[in-house]
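> Give me a model of this one.
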Amino acid sequence: MSDGTLDLFAGRARAHSGEPSSAADAGAGPSEGLRASGLPAPRVWTVRQVNRAVRLQLEQGLPQLWVAGEVTNFRRQRSGHCYFTLKDDVAQLRCVMFRREAARLPTDPREGMMVKVFGGFTLYEARGVYQLVAAKLEAESEGGMWKLAFDRLKRRLDAEGLTDAARKRGLPPFPGTVGIVTSPTGAAVRDVIAVTRRRAPWVRLLVRGTRVQGREAGEEIAAAISTLASRDVDVIVVARGGGTMEDLWGFNEEAVARAVASSPVPVVSGVGHETDVTICDLVADLRAATPSAAAEAVVPDRRAVVRILDNLGTRLGKGLAGQARSRRWRLDQARDLLHRRGRRRVETCRDRLVRERSLLAGIMRERIARHRARLTRGAAAMEALSPMSTLARGYAVPLDGRGRLLRKTADFPPALDFGLRVVDGEVACTVAGAAGAGPAATPGRAGRRRRAGRAHHAG
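All right, here's what the predicted structure looks like:
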């Protein structure tokens, strides 16, 4: 080949091929080049010695360089190492990328992708196969592997609906506590704090410091979002200053997108500058151009708050006045209704009282009439059975001095003083005549006085 480096390598390869140019060379021992490399120069080389010599020449004789070609048979092993082949129209080159470098790839190249690989050459002694040890792998397309990984993840998240505008949540108008995910020592956190203190000094800030660049950045950012989401915060701000796509790659990782999408509170992404777009921006509820813009979007301006409070005070006063008028009208209506109902109730009760009093009077009159009739009948019966009625018909009743009734002639011995009860009094009498001849009663001296007194008593 005409390339100077490759010509030099070819010359060295011939010098160390182990094929003597003459019998003298064969017996002369190792060449100066082998002595310089510290390799033994045996008369007959083993396969291992040849492969080792070639490996050293490849590693030491060729500088690291970029090689462009088409990727085929890309495999990522469990060990983390990646194996693939670069090819063009006429040749192929085996390549290996070890775990440390492979971990930096944002995604695996797809079959047939045009890439460029930077690295050095070596030889796998066990098989005698030379290969390119890749330190970097970039896609030939615009944006390289980072853009490829970005587009792959974006398509998957789009298919799941995580970037849809319909799922974006509104921000709370007056947050009490704001969570911040950013580097604790970067300019972004200072900008967010300064804007918040200027616009809304009453807002509480919870800063969760993380790495914002490097291999571990994505996992730390996702964990910080989940931690703040479990705290009593109203909104979360994810912030970082500008940088290259590789610098901002932690915000393009799937773990960050999942953490933002699953957050129970709104998330605002303020990563990079206006031209920087990350996966975090697409999934977040609001994308801000810078960390300062994110803070301005999250917290209200105190002057706007004062205007809002003044407006609310005016509206509240009008609302209270309207409520008072409405309540007063309802009270008047209720009072009138109560008065009308009370009046109707009083009238109803009065009518009922009149009816019941009339009914009660009729019942009482009827009862009195029944009792009067009964009493009249009883009085008549008593009158009919009364001794006075008998006396009124002309009969008289003889009574001895102690008021006992004298019934037989034997009860009237001679000279017996007794009283004769008549209708209008009592007549004092004395029995005259012999026994058995029948009494002959004559009024005594006191007859008139006793008659008058008894008559008065009987009456």
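> going forward, measure contacts between C-alpha atoms and count neighbours the same way
Fine.
> Look up phi and psi at residue 325.
phi -60, psi -40 (degrees, to the nearest 10).
> quick thing: my sequence starts at 58, can you match it?
Okay, using 58 as the starting number, the last item reads as residue 382.
> and it, how many residues sit next to it?
Using other CA atoms under 10 Å, residue 382 has 12 neighbouring residues.
> From residue 193, how far off is it?
79 Å (CA to CA, to the nearest Å).
> Low-confidence stretches in this structure?
Scanning the chain for pLDDT under 70 picks out 58-99, 198-201, 490-516.
> How about the residue nearest to the spatial centre of it: what's its closest non-neighbour residue?
Centre of the chain computed as the mean C-alpha position; nearest residue by CA atoms, centre = their mean is residue 321, 10.6 Å away. Closest residue to residue 321 apart from its sequence neighbours, by CA to CA, 6 or more residues apart in numbering: residue 286 at 6.4 Å.
> I'd assumed residue 322 was in contact with the one you found.
Yes: if you go by CA atoms under 8 Å, residue 286 and residue 322 touch, sitting 6.5 Å apart.
> which residues are common contacts for these two?
Among the neighbours of residue 286, those also in contact with residue 322 (CA atoms under 8 Å, 6 or more residues apart in numbering) are residue 293.
> all strands in the chain, in order from the N-terminus.
Secondary structure of the chain (DSSP state E): strands at 122-133, 139-144, 149-154, 171-181, 186-196, 234-239, 261-266, 292-297, 324-328, 343-344, 454-456, 474-479, 482-489, 497-500.
> Domains in the protein, by residue range?
The chain breaks down into these domains under automatic domain parsing: 61-204, 234-357, 373-442, 451-515.
> Single out the most deeply packed of those domains.
Highest mean neighbour count of the domains of the chain: domain 234-357, a mean of 20 (counted as mean count of other CA atoms under 10 Å).
> Ends of that one, what's the gap?
One end of domain 234-357 to the other measures 13 Å (CA to CA).
> Next one: residue 163 from residue 298, what distance?
Noted for residue 163: a distance of 21 Å to residue 298, by CA to CA.
> brain fart, residue 360
28 Å.
> Could you do residue 175 as well?
The gap separating residue 175 from residue 298 is 29 Å, by CA to CA.
> Residue 477 too?
149 Å.
> Likewise for residue 148?
From residue 148 to residue 298 the distance is 45 Å (CA to CA).
> Quick check: beta-bridge partners of the closest residue to residue 145 other than its chain neighbours?
Distances taken as CA to CA, 6+ apart place residue 126 nearest to residue 145, at 5.7 Å, with adjacent residues excluded. Per DSSP bridges, the residues bridged to residue 126 are residue 172.
> neighbours around residue 365, how many?
With other CA under 10 Å as criterion, residue 365 counts 12.
> Could you do the one 4 residues further on as well?
Per other CA under 10 Å, the neighbour tally for residue 369 reads 13.
> hang on, the earlier thing: contacts only, for the residue nearest to residue 145.
With CA under 8 Å, 6+ apart, residue 126 has these contacts: 143, 144, 145, 171, 172, 173.
> for the third one, phi and psi?
What it means is residue 145. Dihedral angles for residue 145 - degrees, to the nearest 10 - are phi -130, psi -160.
> so it touches residue 128, yeah?
No: counting by CA under 8 Å, no contact exists between residue 145 and residue 128, whose distance comes to 9.4 Å.
> can you list residues touching both of those two?
Going by CA under 8 Å, 6+ apart, no residue sits against residue 145 while also sitting against residue 128.
> CSV for the strands of the chain, including distance to residue 353?
Formatted as CSV, these follow (distance: least, CA to CA, whole Å):
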stretch, distance to residue 353
strand 122-133, 45
strand 139-144, 46
strand 149-154, 45
strand 171-181, 42
strand 186-196, 38
strand 234-239, 12
strand 261-266, 14
strand 292-297, 11
strand 324-328, 11
strand 343-344, 12
strand 454-456, 134
strand 474-479, 133
strand 482-489, 131
strand 497-500, 144
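> Any idea which of those gets closest to residue 225?
strand 343-344 (7.5 Å; CA to CA).
> contacting residues around that closest one?
225, 324, 325, 326, 327, 338, 351.
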